[in-house]
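[1] Need the 3D shape of this:
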Amino acid sequence: MASLEVSHLELGKLLKQFRAKGIPLFVSGATGVGKSETILNDSKVYATEIGREWVDYKSISSEQKRALLNPVELSKYHLFIDIRTALLEPTDLMGIPFAEGDFVSWKPNLMMKLLSMEEISATAFFDEFNLGSRMVQNSAYQIVLDKAIGELKFGRDVFIVSAGNRVEDGANIIEMAMPLKNRFAHLTLSVPTNDEFVKWLLNTQYPDTRICSLLKFAPELVFNFKPNLKEDAFATPRSIYKLAQLTHDLDEQTQLPLIRSLANAVCGSPFAMKYEGFLKLTRKVDVDEILNNPKKVRELKEIDLKYALVSGVASKMRGKWNDLGEKCFAVCDELEEEYAVFLLKMVKEIVGQASFSNRCLKSDLWNNKLSTKIADLFGA
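    Purely as a prediction, here's the structure:
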């Protein structure tokens, strides 16, 4: 029987409790749904809460890692240590044995040495845990239960958390032994809803309103993985974010073939075909004309054209909110509530809560009309 299934928001709340009590957690879930991302973000939040600088251990140089052996230096940071279990050998955890007089001792690697220091604050994240070999999993028994390996005892503020795919995902996992399972708490991360993923994407470095509008129009595209899928590429939140990275600076009017090829490469042909069709619709919608004459919204009858308009208007607001905000409100006044709410939610995520609220306060249209029309649905 699968473990309790939770949303991304629920997982974030539960992680805080497991961290506070020092209980190791195993998070399972389908491929590409954001297990690693959620755990990483939790560590960033925790670093802020304790007043330490967050550091991704794998991104710093060997010299910087060695400098952390200085307790004063180590006490400045919260380390996020991403340990890819599938790549490990047992000696990567235990260390290397060496003769010491009449005895044999174990020389740990630098990472384990740091984890054993009193001043350490770290999230030790064992990713792809159930892809690790049986011997590596056996070596982790002591880490999971006792926060120790061999004679090394981890620091008090080290949180052990791991993640992995499910049997049904076709990931060739190595099932954990029951005693090892019992040393973890277990949760399953659900596939994010369309609204959850769109909100997350709009807060990343690549807030692609075209993709967000497509997903609102066709929410089934957020995750179309099937265990018997014949294609190598398929749509998941992870692959869709890659597409946003690849295409955020490409113009659908002049570079549609390139966008289609990129979508096919990372999200598969079903996603690419629907995305291409959606982008072609944007050519039928003159966003600038509608911003200058919002009553033209009434000429758009098809649902997909309305989402194309919403995408175009939201994209225009980036960097121009102060100048175009009132025109955006005027378009919302002509749109049905469903589209107006979605447009304003995207704009709020793009421009930020403070900037959005300030514009609302100054807008007669918002205060005299829109606030009563959609405020309840919008959550304002």
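[2] what about the helices in the stretch 51-200 of the chain?
    Under the criterion DSSP state H, counting those that start in this stretch, the stretch 51-200 of the chain contains helices at 62-67, 71-74, 90-94, 110-115, 134-139, 141-146, 178-181, 194-202.
[3] which one of these has the lowest average pLDDT?
    Among the helices of the stretch 51-200 of the chain, helix 90-94 carries the lowest mean pLDDT, a mean of 80.
[4] Which of the residues in it are classified as buried?
    92-94 (16 or more other C-beta atoms under 10 Å). In this view, the C-beta of every residue, glycine as well, is placed from N, C-alpha and C.
[5] Now render those as TSV, adding distance to Val167.
    Converted to TSV, the buried residues of helix 90-94 look like this (distance: C-beta to C-beta, whole Å):
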residue	distance to Val167
Asp92	26
Leu93	25
Met94	28
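[6] Glu231: which of those is nearest?
    Asp92 (34.6 Å; C-beta to C-beta).
[7] Make sure the closest one is actually in contact with Pro108.
    No: using C-beta atoms under 8 Å, Asp92 is not in contact with Pro108, being 9.9 Å away.
[8] Contact partners for Phe184?
    The contact partners of Phe184, taken as C-beta atoms under 8 Å, 6 or more residues apart in numbering, are 24-26, 144, 162.
[9] try it again with 6 Å
    Contact analysis of Phe184 by C-beta atoms under 6 Å, 6 or more residues apart in numbering lists 24, 26.
[10] And the pLDDT at it?
    Here, the pLDDT recorded for Phe184 equals 95.
[11] same check, this time on Ala375
    Here, the pLDDT recorded for Ala375 equals 62.
[12] Same question for Gly170.
    Model confidence at Gly170 (pLDDT) stands at 69.
[13] cool, Lys362 as well?
    Value for Lys362, per-residue pLDDT: 89.
[14] could you pull out the strands for this structure?
    5-6, 25-29, 53-56, 77-84, 96-100, 103-107, 121-127, 148-149, 152-153, 157-164, 185-189 (DSSP state E).
[15] Is it possible to get JSON lines of these that adds distance to Ser371 and mean neighbour count?
    Output for the strands of the chain, formatted as JSON lines (distance: least, C-beta to C-beta, whole Å; neighbours: other C-beta atoms under 10 Å):
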{"stretch": "strand 5-6", "distance to Ser371": "35", "mean neighbour count": "16"}
{"stretch": "strand 25-29", "distance to Ser371": "40", "mean neighbour count": "23"}
{"stretch": "strand 53-56", "distance to Ser371": "39", "mean neighbour count": "15"}
{"stretch": "strand 77-84", "distance to Ser371": "42", "mean neighbour count": "20"}
{"stretch": "strand 96-100", "distance to Ser371": "67", "mean neighbour count": "10"}
{"stretch": "strand 103-107", "distance to Ser371": "67", "mean neighbour count": "12"}
{"stretch": "strand 121-127", "distance to Ser371": "43", "mean neighbour count": "24"}
{"stretch": "strand 148-149", "distance to Ser371": "58", "mean neighbour count": "17"}
{"stretch": "strand 152-153", "distance to Ser371": "58", "mean neighbour count": "16"}
{"stretch": "strand 157-164", "distance to Ser371": "43", "mean neighbour count": "23"}
{"stretch": "strand 185-189", "distance to Ser371": "37", "mean neighbour count": "19"}
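[16] For Ile350, list the residues it contacts.
    The neighbours of Ile350, taking C-beta under 6 Å, 6+ apart as the test, are 207, 318.
[17] swap in Leu110?
    Leu110 neighbours (C-beta under 6 Å, 6+ apart): Lys65.
[18] From the structure, what's the count of residues near Gln17?
    Applying other C-beta atoms under 10 Å, we find 11 residues neighbouring Gln17.
[19] follow-up on the earlier one: quick check, nearest of the buried residues of helix 90-94 to Phe278?
    Nearest to Phe278 among those: Asp92, at 46.4 Å, using C-beta to C-beta.
[20] doesn't Val55 make contact with Ala47?
    No: using C-beta atoms under 6 Å, Ala47 is not in contact with Val55, being 8.3 Å away.
[21] gap between the closest residue to Val167 other than its chain neighbours and Arg166?
    Distances taken as C-beta to C-beta, 6 or more residues apart in numbering place Ile173 nearest to Val167, at 6.2 Å, with adjacent residues excluded. Going from Ile173 to Arg166 by C-beta to C-beta, to the nearest Å gives 8 Å.
[22] any idea of the pLDDT on the nearest residue to Leu250 once chain neighbours are set aside?
    Using C-beta to C-beta, 6+ apart and skipping residues adjacent in sequence, the residue nearest Leu250 is Ile259, 5.5 Å away. For Ile259, the model assigns a pLDDT of 96.
[23] repeat for Phe159
    pLDDT at Phe159 comes out at 98.
[24] Could you do Ala380 as well?
    49.
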